[in-house]
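A.B. asks: Predicted model and sequence below, questions to follow.
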Amino acid sequence: MTTSVTPAATSAGTAAETFLSVRDLMVHFPTSDGLVKSVDGLSFDLQRGQTLGIVGESGSGKSVSSMAIMGLHWGTGAKISGQIVLDGTDLLELTPDQMRRKRGQDVAMIFQDPLSAMHPYFTVGNQIMEAYQVHNDVSKGDAKKRAIEMLDRVGIPNPDRRFSDYPHQFSGGMRQRAMIAMGLINNPGLLIADEPTTALDVTVQAQILDLLQDLQREFNSAIIIITHDLGVVAEMADDVLVMYAGRAVEHGPCRELLTHPEMPYTWGLLSSVPDVTGDTDARLIPIPGSPPSLLNPPTGCAFHPRCLHRDKVPGDLCRTTMPDLVPGQRGAHHTKRCHLADSDSIYQTEVLPEIAPDLAEEPAGPLVGEAPEEQR
Amino acid sequence: MTNETMAEIPMPEVPQGHGATAADPTAKPILEVDRLRMYFPVKSSGLVRRTVGHVQAVDGVSFQLPEGGSLGLVGESGCGKSTTGRLITRLYKPTGGSIRFEGRDIAQAKPRELKPLRREIQMIFQDPYTSLNPRQTVGSIVGAPLEIHKVVPKDKVLPRVQELLEIVGLNPEHYNRYPHEFSGGQRQRIGIARALTLQPKVLVADEPVSALDVSIQAQVINLLQDIQREFGVAFLFIAHDLAIVRHFCPEVAVMYLGKIVEIGDRDSIYGNAHHPYTQALLSAVPDVRQAASGKRIERIRLQGDVPSPIDPPSGCRFRTRCPIAQEICAKHEPPLMQIGRRHKVACHFPGRLGEAPREPLTTGLLGVDGEGRPDPGASPSNDLVEQPGYADTWFDLDAKSIGRA
């Protein structure tokens, strides 16, 4: 197997401020059919106050890796290796008991479906209070005061009355707000949001995303947002990590990655969602085939059976050799796992005219010109 | 893996992407929905279960669906878009209003009369995991309509099923498999094959792609566009994803709390929205392009949640969350007024974003003054009756005059 090049090699200068550093994370599940490599050599860094967006299809390993950061794989038989260094502590070396003290205090998570993430038998207020009491030696009254304060902060009307409501009495958007209140009550340095808005309407989604951004500014926390919606990533994230079959296939600053994607899988993701403002002549081009089985992933580049640009790579390289995650043509900060040599020009000349004819006509259009990375 | 097996992986076929569907302006309406209403009774608890109220799920919805065309229904959850779809397929019996299919009103048709109709109007469901019977093979799922309606002799069922599987891009030899052996996208194709079995004229697609992965969504949308082109099926496309609706439907209706607040062709809704709710919805869509270019349009923050449809607000139903609501909005319900060739809006203060008029534009129509009190000088207009289609004349808001086709 090839070894993955860690982003740290490219951004060594910022190591001092790095708040979360994941190195070569592997999460493997032994099953009766064989070893499922859900996450295979994932590395990334995250600073305080920054947001990382992880994008990928179901089964690409985005949720599994975040569960590993939360230490939620105990008892599942998962084999985890690598390093998850949060604020100087390697979370993978902690005992379950030490991890329990960290969870909720230093790293918290909000889940996709708030109805199943909350206990139906307890009031919302009780559950939020509990999250506070577990980590702080306070009286019940103080905890309640703090919980109501948090409910108010996340924008729930009449928080002292809603405190004693049960989860089913909340609407979907309010439940997600309550989940955020619960996640942030201990002011954790890292918040993982796993598809936080997928179950919500667009208007409510907008409210929740605004709330997350406001709270991030206030508490200076780091956020990992996991989603399949590129639009959400585009609005929220500073950095984007695209995952495919358990590996990072492209990683870079958000705007740079979305305007100059270099990996055919990212092109596929961009071309398979229509745009609400774009040209109506833009075509919707799906990625052929379906995601690979992790039991028996394709040889070489895991994406090659679905890749439309495989023939541009000389020889059988795509089928035989897994490409490394290395900087592409656009600088050290933007890494890709692809053999294509001149991916940027292929994107500009072959992909963009199909998916956004209005942008492709003027090569030095507004998108290209405004990306700050361009000026370097 | 040996080199031999690796060599067998073929180069993927270049998928043919489609642009957005265009409208055919000459198409006749195949389906006309007029002031359709659906009230679900709310029963009290206890021994005697009296009706204590009604959920006004759909309250006076009118639209036309052209032959071989598609109309998108968008709105938040609970706005009545799915109920509308189920009314048209007559899975529910409407409380009032009419559904004219090829000129015949089917709103109150009896079950016996409905059976032949089921051939013409079919449905694709949202969740491909729960809408297929796990104990039936794909062959019997797709073939069931043929047997029920006795369209083809028994020995011709299988060839037809295989033909259908091929149309939707599945391997025809897989007719003997069970739904669990397929992925989500493939299951949705099975659901589409089943809906196509009887060659319907209208397909109601209720969130057909929202349960699928992004890359698979595009495959299914392209398939639906192919089907529409090839077989001339009219689609009522229900979705909450505004970008997908924009791509698939040349005409769009925006619903809020059981009513259509704005309806029009693609350009009117997406480029020239006049209702504050449509504007808020559009501004809430996270857009890759806008965010990447840093030119994010200011998001309109709607406060709170959708009110309960059991006890909707008086007057305009959107007024409790509307940024530009005034007194008249609480007193009178705004009529769905035609403001363009193919554009209608139900608002007292219709205007482009930030250009809403200060005075209500509907006073003349309703016969009231600016605060909503009856105006003795004005006489309410009688041609307010909401038509399912579009009239040849409309109120041109820019020119402040009557526009003509």
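C.D. replies: Now that the structure is in, tell me what you want to look at. Numbering: from 1, shown residues only, chains lettered A, B, ... in the order given.
A.B. asks: if I pick residue 194, what's in contact with it?
C.D. replies: Just going to use chain A. For A:Asp194, the contact set (Cβ atoms under 8 Å, 6 or more residues apart in numbering or on different chains) comprises A:63, A:66, A:109-112, A:226. Just so you know, the C-beta spots here come from the backbone N, C-alpha and C atoms, and that holds for glycine as well.
A.B. asks: looking at chain B here, not the other one
C.D. replies: Taking Cβ under 8 Å, 6+ apart as the criterion, B:Arg194 is in contact with B:141-142, B:144-145.
A.B. asks: Let me have the contacts of A:Asp194 in CSV, extended by pLDDT.
C.D. replies: Putting these into CSV (pLDDT from 0 to 100) gives the following:
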residue, pLDDT
A:Ser63, 87
A:Ser66, 90
A:Met109, 92
A:Ile110, 90
A:Phe111, 86
A:Gln112, 81
A:Ile226, 93
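A.B. asks: from what I can see A:Pro167 touches A:Met118, true?
C.D. replies: Yes - using Cβ atoms under 8 Å, A:Pro167 is in contact with A:Met118, at 4.2 Å.
A.B. asks: tell me, what's touching those two both at once?
C.D. replies: Residues touching both A:Pro167 and A:Met118 by Cβ under 8 Å, 6+ apart: A:124, A:175, A:178.
A.B. asks: Show me what from the stretch 151-300 of chain B comes close to chain A.
C.D. replies: Along the stretch 151-300 of chain B, the residues adjacent to chain A under the rule Cβ under 8 Å from any Cβ of the partner chain are B:183, B:185-186, B:213-219, B:221-222, B:240, B:242-244, B:246-247, B:266, B:270, B:280-296, B:299.
A.B. asks: Which residue ranges of the stretch 51-200 of chain B form strands?
C.D. replies: B:51-66, B:70-74, B:96-101, B:104-105, B:121-124 (DSSP state E, counting those that start in this stretch).
A.B. asks: packing partners for the third one?
C.D. replies: In other words, strand B:96-101. Helices and strands touching strand B:96-101, as assessed by 3 or more Cβ pairs under 8 Å, 6 or more residues apart in numbering or on different chains; DSSP states H and E, comprise strand B:29-43, strand B:51-66.
A.B. asks: let's see it at 7 Å
C.D. replies: Applying 3 or more Cβ pairs under 7 Å, 6 or more residues apart in numbering or on different chains; DSSP states H and E, one finds that strand B:96-101 makes contact with strand B:29-43.
A.B. asks: Distance from the chain centre to the strand it packs on, please.
C.D. replies: Computed by Cα atoms, centre = their mean, to the nearest Å, the separation of strand B:29-43 from the middle of its chain amounts to 13 Å.
A.B. asks: neighbours of B:Gln219, just the number please.
C.D. replies: Neighbour count of B:Gln219, defined by other Cβ atoms under 10 Å in any protein chain shown: 26.
A.B. asks: For whichever helix or strand it is part of, buried residues please.
C.D. replies: Mapping B:Gln219 onto the secondary structure by DSSP states H and E places it in helix B:214-231. Judged by neighbour count (16 or more other Cβ atoms under 10 Å in any protein chain shown), helix B:214-231 contains these buried residues: B:214-225, B:227-228.
A.B. asks: list the contacts for the nearest residue to B:Asp265 once chain neighbours are set aside?
C.D. replies: The spatially closest residue to B:Asp265, leaving aside those adjacent along the chain, is B:Arg342, at 4.4 Å (Cβ to Cβ, 6 or more residues apart in numbering or on different chains). B:Arg342 makes contacts with B:264-265, B:268, B:390, as judged by Cβ atoms under 7 Å, 6 or more residues apart in numbering or on different chains.
A.B. asks: Quick one: buried ones out of those residues?
C.D. replies: When the contacts of B:Arg342 are checked for burial by 16+ other Cβ under 10 Å, the buried set is B:264-265, B:268, B:390.
A.B. asks: Tell me which two of those sit farthest apart.
C.D. replies: Distance extremes for those: the farthest pair is B:Ser268 and B:Tyr390 at 10.9 Å, using Cβ to Cβ.
A.B. asks: So A:Phe44 sits against A:Val22, correct?
C.D. replies: Yes - look at A:Phe44 against A:Val22 with Cβ atoms under 7 Å: they come within range, at 5.3 Å.
A.B. asks: Pick out whichever of the two has more residues nearby.
C.D. replies: A direct count of neighbours by other Cβ under 10 Å for A:Phe44 and A:Val22 places A:Val22 higher, at 26 against 21.
A.B. asks: in its sheet, what does the helix or strand harbouring the more buried one sit against?
C.D. replies: Under the criterion DSSP H and E, the helix or strand holding A:Val22 is strand A:18-31. For strand A:18-31, the pairing partners within the sheet under DSSP bridges are strand A:34-47 (antiparallel), strand A:79-86 (antiparallel).
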